[in-house]
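*Asks:* Fold the following and give me the result.
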Amino acid sequence: MPPFWPGSSRNRIRPLLGLIGLGCGLRLALWLVSLGSYDVVAWRIFASSVSDVGLGETYVRFQGEESPFNHPPTMALLASWIFRLSEATGIEFARLFKLPALAAELVTGLLLYRVWHRRRDVETGLAAAAAYALALSAILISGYHGNTDAVYFCLVFAAAYLMEERRSPLGAGLVMGAALNVKLIPLVCALPLASRLMRVRDIGRYALGGALGAAPFIAAYLSFGTDARRAFLGSVFAYRSFPDNWGVEMWVRLTRALADTVSEVPGYIVRILGGVYGAHGGELVLIASAAFAWWHFTRSRRDGEARFDAYELVALGFVLFLLLTPGFAVQYVGGVVAPLIATGIRRGVVVATVTGAFITALYAFFVVDWSPILSVHGPMPDAFTPLSMAAWLVLLWAGRGLVRSGGGGAQGAEPGSSI
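*Replies:* Below is the predicted model of the structure:
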């Protein structure tokens, strides 16, 4: 029976299908009535530039700006094709650009159904799919926001699925490599997922699949001139998200305000530490992800079985990123939802609801036009600190629950089986 739905009977299948349809309908409704966040406006500018002057020149043109062009070449080329299609058909670019994200959501929901159907039954599989269909954060990110994040959310989850259900390290590596061609954020999940493997040949297959994902980066780099190469490396690989009232930065601000009330010296020290973390926090996040992966791999080799399954590993990778990231964008909170639902439906629903309420408030606050809906985001006001703190703490709660369960959070999966 579904873990969050008391009782069980065949007549609940139809309502669950209705809930799935409602979630899809909500995404489509947002898609119809909105442009999204300013991200989709920026993407149209980037896509127009790639179409007009080429990929390399676009990296040069938009380096070091407030909205730098920091996306992998594959997504840039896809955006330029969408721009040309928009120009040829007269269909709004924002609506065409969000279609891959909406398609990715269908794939994610289907995979969640298959995960829980295998573990339990059809009804539980539909309950998991319904939980994701109605996940508030996922609805907003795919139906409204207007960026590519929902695509890599889906690909990372698909990599975990291939690792766990299909026992395919090569396939998982290939899909993880594809995710890295959408954004580089999936790096925080790539090493933890690799730690699920305990045989050298399987690690090699996973690494080979992931390495093939580097081909578009290498091809683009080799095709660029000197200026474009420099801009490409600086924008894509050295990009830092803007510090905002979230996570470590939020705690630094609160601590600094408290320290300033004591004397100037403690406040000055906190400012220095916060500045160091803002400059190097990205590297620390990757180090934390690698350290966790190494701990899990050595622990699993010692015990003869993996402590965490693939879904738990990518969920913990996303949780680490969200807890420790020195920069923040509202859409980041969506990546953890599907892996959490795969580990326990209740846990995923709670996180999606709390983080979804947080980003709903932010989207609404930054709306500049209601027809179609468009929001232009700026620094998060201090008034949002309680919501930001609640969202951060619920992620901490979810991560702590996964760690404490020690592989027991998958409710019927087989986390101890080795690949």
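*Asks:* gap between residue 240 and residue 392?
*Replies:* 19 Å (Cβ to Cβ, to the nearest Å). The C-beta positions use only the backbone N, C-alpha and C, and glycine is treated the same way.
*Asks:* Tell me the secondary structure at residue 197.
*Replies:* On the three-state scheme (DSSP: H, G, I helix; E, B strand; the rest coil), residue 197 is labelled coil.
*Asks:* Count residues in the vicinity of it, would you?
*Replies:* 24 (other Cβ atoms under 10 Å).
*Asks:* List the buried residues for stretch 23-36?
*Replies:* 23, 24, 26, 27, 30, 31, 34, 35, 36 (16 or more other Cβ atoms under 10 Å).
*Asks:* if we can go back for a sec, for residue 240 and residue 392, work out which one has more neighbours and name it.
*Replies:* residue 392 (22 against 15).
*Asks:* need the contact list for that one.
*Replies:* Shown in contact with residue 392 (Cβ atoms under 8 Å, 6 or more residues apart in numbering): 246, 247, 250, 322, 323.
*Asks:* any chance of these in TSV, plus pLDDT and secondary structure?
*Replies:* Putting the contacts of residue 392 into TSV (pLDDT from 0 to 100; DSSP: H, G, I helix; E, B strand; the rest coil) gives the following:
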residue	pLDDT	secondary structure
246	91	coil
247	87	helix
250	88	helix
322	96	helix
323	96	helix
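*Asks:* In terms of helices and strands, where is residue 36?
*Replies:* Take DSSP states H and E as the rule and residue 36 turns out to sit in strand 34-37.
*Asks:* Give me the mean pLDDT for that strand.
*Replies:* The pLDDT scores in strand 34-37 average 96.
*Asks:* what do you get for stretch 225-241?
*Replies:* 89.
*Asks:* neighbouring contacts of the lowest-mean-pLDDT helix or strand in the chain?
*Replies:* Taking mean pLDDT, DSSP states H and E as the measure, the chain has helix 247-262 as its least confident helix or strand, at a mean of 79. Here helix 247-262 makes contact (Cβ under 8 Å, 6+ apart) with 243, 245, 266-267, 269-271, 273-274, 277-278, 281, 322-328, 385, 388-389, 392.
*Asks:* I'd like the distance from stretch 370-382 to the chain centre, please.
*Replies:* 21 Å (Cα atoms, centre = their mean, to the nearest Å).
*Asks:* I'd like the average pLDDT over it.
*Replies:* Stretch 370-382 comes out at a mean pLDDT of 93.
*Asks:* Straight-line length of that stretch, end to end?
*Replies:* End-to-end distance of stretch 370-382: 24 Å, with Cα to Cα, to the nearest Å as the criterion.
*Asks:* And the contacts of it?
*Replies:* Counting by Cβ under 8 Å, 6+ apart, 30, 33-38, 41, 144, 242, 244-246, 328, 330, 362-368, 388 sit against stretch 370-382.
*Asks:* Tell me where this structure has strands.
*Replies:* Remark: strands assigned in the chain by DSSP state E are 34-37, 367-370, 373-375.
*Asks:* Each with direction, which strands does the second one pair with?
*Replies:* Read it as strand 367-370. strand 373-375 (antiparallel) (DSSP bridges).
*Asks:* Nearest residue to the middle of this structure?
*Replies:* Central residue of the chain (Cα atoms, centre = their mean): residue 335, 3.0 Å from the mean position.
*Asks:* what's the offset of the lengthiest helix in the chain from the middle of its chain?
*Replies:* The longest helix of the chain (DSSP state H) is helix 264-303. Computed by Cα atoms, centre = their mean, the chain-centroid distance of helix 264-303 equals 19 Å.
*Asks:* before we move on, what about stretch 69-80?
*Replies:* 17 Å.
*Asks:* Rounded mean pLDDT for it, please.
*Replies:* 96.
*Asks:* any idea how far residue 117 is from residue 196?
*Replies:* 22 Å.
*Asks:* for residue 329, that is, sorry about that
*Replies:* Taking Cβ to Cβ as the measure, residue 329 falls 34 Å from residue 117.
*Asks:* Between the two, which has more neighbouring residues?
*Replies:* Neighbours per residue, other Cβ under 10 Å: of residue 329 and residue 117, the larger number sits with residue 329, 19 against 16.
*Asks:* The more buried one against residue 239, yeah?
*Replies:* No. Counting by Cβ atoms under 8 Å, residue 239 is not a contact partner of residue 329; they are 11.5 Å apart.
*Asks:* what about the stretch 151-300 of the chain, any weak spots by pLDDT?
*Replies:* Within the stretch 151-300 of the chain, the ranges that satisfy pLDDT under 70 run 260, 262-268, 270, 274.
*Asks:* Now do the helices in the stretch 301-419 of the chain.
*Replies:* 310-324, 337-343, 345-365, 385-405 (DSSP state H, counting those that start in this stretch).
*Asks:* Go through the ones you listed and name the closest to residue 126.
*Replies:* Nearest of the helices of the stretch 301-419 of the chain to residue 126, taken as Cβ to Cβ: helix 345-365 at 11.1 Å.
*Asks:* buried stuff in the closest one?
*Replies:* Quick answer for helix 345-365 (16+ other Cβ under 10 Å): 345, 347-352, 354-356, 358-360, 362-363.
*Asks:* same question, stretch 191-206
*Replies:* 191, 192, 193, 194, 195, 196, 197, 198, 202, 203, 205, 206.
*Asks:* just the residues you listed now: which is nearest residue 79?
*Replies:* Comparing these against residue 79 with Cβ to Cβ places residue 193 closest, at 27.4 Å.
*Asks:* who does the strand holding residue 36 touch, helix- and strand-wise?
*Replies:* helix 93-97, strand 373-375 (3 or more Cβ pairs under 8 Å, 6 or more residues apart in numbering; DSSP states H and E).
*Asks:* Redo those as CSV? Include distance to residue 232 and mean neighbour count.
*Replies:* Shown next, in CSV, are those (distance: least, Cβ to Cβ, whole Å; neighbours: other Cβ atoms under 10 Å):
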stretch, distance to residue 232, mean neighbour count
helix 93-97, 22, 21
strand 373-375, 29, 19
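*Asks:* Just send those back as a markdown table, with distance to residue 77 too.
*Replies:* Listed next are the helices and strands packed on strand 34-37 as a markdown table, based on distance: least, Cβ to Cβ, whole Å:
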| stretch | distance to residue 77 |
| --- | --- |
| helix 93-97 | 13 |
| strand 373-375 | 26 |
